[in-house]
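**Student:** Just to be clear, the model below is a prediction. Sequence and coordinates:
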Amino acid sequence: MDTQLKYKHYASLKRRSQTKKVVIYTVLVLMSVIWLLPFVYLISQSFATTYVYGDFFPKTATMANYSRLFTDSTFPFWRWWLNTFLISCITAVLQTLLTLATAYALSRLRFRMRQPFMRLILVLGMFPGFLSMIIIYYIMDALGMAGNIFSLVLVYIGGSAMGYYIAKGFFDTIPKSLDEAAMIDGASKNTVFFRVIVPLSKPIIVYTLLLSFTGPWGDFMMASYFAQGNQNLFNVAVGLNQMLAKGQIDIYFPTFCAGGVLTAIPIMVLFFVLQ
């Protein structure tokens with residue numbers, strides 16, 4: 001009798017576990033389909049001959065939209081892509097160095113006003129960057145850098161230290177005994193950071209590098225304001241947005257989708273490389 005009860009109880013638990021798994025996987029599959037639908041639509045429309053409102057898949061396909069990105073002088077997509085790539089690469093390297101250096105200093109060093117300083121940075125980080133967009137532009141204009149795409153690099157890396165918190169939490173998990181052992185052998189703080197801490201911090205370096213690259217790559221608001229309508233200073237987000245201006249969406253929407261596909265490729269490549 002006890003054996004039968006145990007068997008029934010075990011069978012009931014197994015059915016519940018299987019039902020729970022089915023429900024979870026069903027929800028995950030549905031979420032995946034919903035998440036992928038915009039990407040499938042973007043790719044399918046990038047091959048459309050003409051834009052037809054309401055059509056998910058085009059009736060006829062062509063590669064002309066991709067070639068048009070590099071041949072249409074009205075919208076110099078290649079220049080926008082190159083602007084964005086240069087800004088994002090330079091920003092990613094500099095921002096990663098500044099963020100990790102700040103996080104390491106706040107994790108390892110002890111000095112007066114350290115805790116108030118950390119709290120102040122957290123409070124300032126709650127305010128969105130575009131609140132200071134206008135004054136930053138006028139500062140850059142006063143310095144003679146408003147018409148330079150690399151002025152955006154200074155803007156993006158200016159607040160790098162404010163993103164220290166996650167990296168600091170990672171550095172806090174690395175035993176300080178490693179620092180002390182290196183210092184006994186005569187290593188300086190810089191040597192400890194670059195020769196001991198950095199080799200052990202690949203996950204947080206990858207995380208910081210990825211965020212530092214994707215931020216400028218997809219930025220629209222700051223890049224649009226700094227460009228001031230000059231096409232030579234557009235990044236891909238601002239440039240592609242121009243294709244959807246009133247009266248042009250029927251003509252340029254498939255080309256816009258093709259530009260969106262090409263814009264997504266570097267992010268995908270970077271993501272898979274950093275895996």
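**Tutor:** That came through fine. Small disclaimer: the values here were computed from a predicted structure and weren't measured.

**Student:** CA atoms for contacts and neighbours, from now on please.
**Tutor:** OK.

**Student:** Outside of the helix or strand that contains G239 itself, list whatever touches it.
**Tutor:** Here G239, judged by DSSP states H and E, is contained in helix 236-242. The list of residues contacting helix 236-242 from outside it, by CA atoms under 8 Å, 6 or more residues apart in numbering, reads 75, 77, 80-81, 84, 217-220, 223-224, 231, 256, 259-260, 263.

**Student:** Most neighbours of all those residues, which one?
**Tutor:** When neighbours are counted by other CA atoms under 10 Å, W217 leads the contacts of helix 236-242 with 26 neighbours.

**Student:** Which SSE is immediately downstream of the helix or strand hosting it?
**Tutor:** Assigned by DSSP H and E, W217 belongs to helix 202-218. Counting by DSSP H and E, the next helix or strand C-terminal to helix 202-218 is helix 221-227.

**Student:** Tell me, how many residues neighbour T191?
**Tutor:** Using other CA under 10 Å, T191 is surrounded by 15 other residues.

**Student:** what's near enough to touch the closest residue to L233 other than its chain neighbours?
**Tutor:** The spatial neighbour of L233 that comes closest, neighbours along the chain excluded (CA to CA, 6 or more residues apart in numbering), is A227 at 5.2 Å. Contacts for A227 (CA under 8 Å, 6+ apart) come out as G147, I149, L233, F234.

**Student:** Among the residues you listed, which one lies nearest to C89?
**Tutor:** Nearest to C89 out of these is I149 (CA to CA; 13.0 Å).

**Student:** so what's the residue nearest to that closest one when sequence neighbours are not counted up against?
**Tutor:** Once flanking residues are discounted, I149 sits nearest to L233: 5.8 Å by CA to CA, 6+ apart. L233 sits next to W80, N83, G147, N148, I149, A227 when contact means CA under 8 Å, 6+ apart.

**Student:** before we move on, the earlier item: want to throw the contacts of A227 into JSON lines with pLDDT and distance to V33?
**Tutor:** Listed next are the contacts of A227 as JSON lines, based on pLDDT from 0 to 100; distance: CA to CA, whole Å:
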{"residue": "G147", "pLDDT": "76", "distance to V33": "43"}
{"residue": "I149", "pLDDT": "81", "distance to V33": "38"}
{"residue": "L233", "pLDDT": "86", "distance to V33": "37"}
{"residue": "F234", "pLDDT": "90", "distance to V33": "33"}
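
**Student:** mind listing the helices for the chain?
**Tutor:** Using DSSP state H, the helices of the chain run over 2-45, 64-71, 77-108, 114-125, 133-142, 151-158, 164-172, 176-184, 189-191, 202-218, 221-227, 236-242, 249-273.

**Student:** now this structure, which segments are flagged as low pLDDT?
**Tutor:** The model of the chain has pLDDT under 70 over residues 1-9, 246-247.

**Student:** Report the separation between the residue at minimal distance from the centre of it and I265.
**Tutor:** In the chain, the residue lying closest to the centroid (CA atoms, centre = their mean) is T214, at 2.6 Å. Remark: distance between T214 and I265 (CA to CA, to the nearest Å) = 12 Å.
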